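Enquirer: give me a model of this one.
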Amino acid sequence: MTYALVIAAALGTILLFLLAAASANTALFAEHYPLLIGLNGVITVALLGLVAYQFAVLIRQRRAK
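Expert: All right, here's what the predicted structure looks like:
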């Protein structure tokens, strides 16, 4: 689970960098912006899902003790 979180965070950082780089070049920006926004959205949803899963595990463990 930790590896998935680290990989998702690294991928999100790379995608944010690409988004910033694309905004400096208007032609590249216009061509790839929707793709970059979509990928960043997917990473955001994945990270939120991981946080929700970890929170659910924490609640389950707390109730079991």
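Enquirer: what about the longest helix along the chain, distance to the chain center?
Expert: In the chain, taking DSSP state H as the definition, the longest helix is helix 26-64. Its chain's average C-alpha position is 4 Å from that of helix 26-64, according to Cα atoms, centre = their mean, to the nearest Å.
Enquirer: got it, and stretch 6-15?
Expert: 6 Å.
Enquirer: which helices and strands sit right next to the longest helix of the chain?
Expert: Judged by 3 or more Cβ pairs under 8 Å, 6 or more residues apart in numbering; DSSP states H and E, helix 26-64 is in contact with helix 2-24. Heads up, the C-betas are built off the backbone N, CA and C, glycines and all.
Enquirer: list the contacts of the helix it packs on.
Expert: The contact list for helix 2-24 (Cβ atoms under 8 Å, 6 or more residues apart in numbering) reads 28-29, 32-33, 36-37, 39-40, 43-44, 46-47, 50.
Enquirer: grab the nearest non-local neighbour of the residue most central in space within the chain.
Expert: Centroid check for the chain by Cα atoms, centre = their mean gives residue 43 as the closest residue, at 2.6 Å. Closest residue to residue 43 apart from its sequence neighbours, by Cβ to Cβ, 6 or more residues apart in numbering: residue 12 at 4.2 Å.
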